[in-house]
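# I need the structure of the sequence given here:
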Amino acid sequence: MSQFTQDFQSQLADLMRWRRDVRRFRTDEVDEAVLTRCLDAFHMAPSVGLSEPWRVIRVQSAAARSAALANFEAANADALAGYDGERAQIYGTLKLSGMRDAPVQLAIYCDEDTGKGAGLGTATMPEMRRYSVVGAITHFWLAARAEGLGVGWVSIMDPAQLDRDLDVPKGWVLVAYLCAGWPETDSLTPELETAGWETRTPTRAPLRR
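Residues are numbered from 1 along each chain as shown. From the prediction side, this is the model:
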């Protein structure tokens, strides 16, 4: 029997439904205590071999943010050039980054050279370290949503350029660039679905073998 009540289970399902990729933020600052509570979720996340390979960089300086934004804009222009016709038209209308307004910006890296965990679980699948970082990001995202914050994952970037701009140690691999802050609006529908880019797939039963 579950130790959690049906009300809790229902609220958890609601939290996951409300976990949207947010790209439209208010510019209001996020209280440090609120952000700290969200970041604490990383320490509660599981990781392969208990390696805890996530490394979080808070991108705060004007120079670092300007470089990250320029990185996105260049990559976004290249991505747009890869589409034509209706896809290109829709792509050109999409807001794919909240980097101009989001008060909190985080570069999340995986330390591939970490000695913590002594390599347990990574000999055959070294990518498990990065998967662990993704799991930790999900913990952070849900914690942020529970606080009323929105989070947006910016994946249209040149990782090598960001590495240079942030001067990260060798062996660190970019997993995510996250924008966080108070969302302008809340919606249960993904913005890409609203814009006509794609639709969510209905729930499917798992395959059986």
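
# Spatially central residue for this protein, please.
Trp153 (3.8 Å; CA atoms, centre = their mean).

# For the helix or strand of the chain with the lowest mean pLDDT, buried residues please.
Lowest on mean pLDDT, DSSP states H and E among the helices and strands of the chain sits helix 191-194, with a mean of 91. Buried residues in helix 191-194, defined by neighbour count with 16 or more other CB atoms under 10 Å: Glu191. All C-beta spots, glycine's among them, are computed from the backbone N, C-alpha and C.

# again with stretch 160-173
Using 16+ other CB under 10 Å as the test for burial, stretch 160-173 gives 162-163, 165-166, 168, 172-173.

# any chance you could map the strands in the chain?
Secondary structure of the chain (DSSP state E): strands at 54-58, 104-111, 150-154, 172-181.

# quick check, distance from the third one to the centre of its chain.
In this case it means strand 150-154. 5 Å (CA atoms, centre = their mean, to the nearest Å).

# what's next to it, contact-wise?
For strand 150-154, contacts defined as CB atoms under 8 Å, 6 or more residues apart in numbering pick out 20-23, 25, 72, 96-99, 102, 137, 140-141, 144-145, 176-183, 186.

# if you skip the residues just before and after it, what's nearest to Leu80?
Tyr91 (5.4 Å; CB to CB, 6 or more residues apart in numbering).

# do Ile108 as well
Spatially, and ignoring its direct neighbours in sequence, Ile108 is nearest to Ala176 (4.4 Å; CB to CB, 6+ apart).

# same thing with Ser187?
Closest residue to Ser187 apart from its sequence neighbours, by CB to CB, 6+ apart: Arg20 at 6.4 Å.

# Show me the two of the buried residues of stretch 160-173 that sit farthest apart.
Spatially, the most separated pair among the buried residues of stretch 160-173 is Asp165 and Val173, at 15.3 Å (CB to CB).
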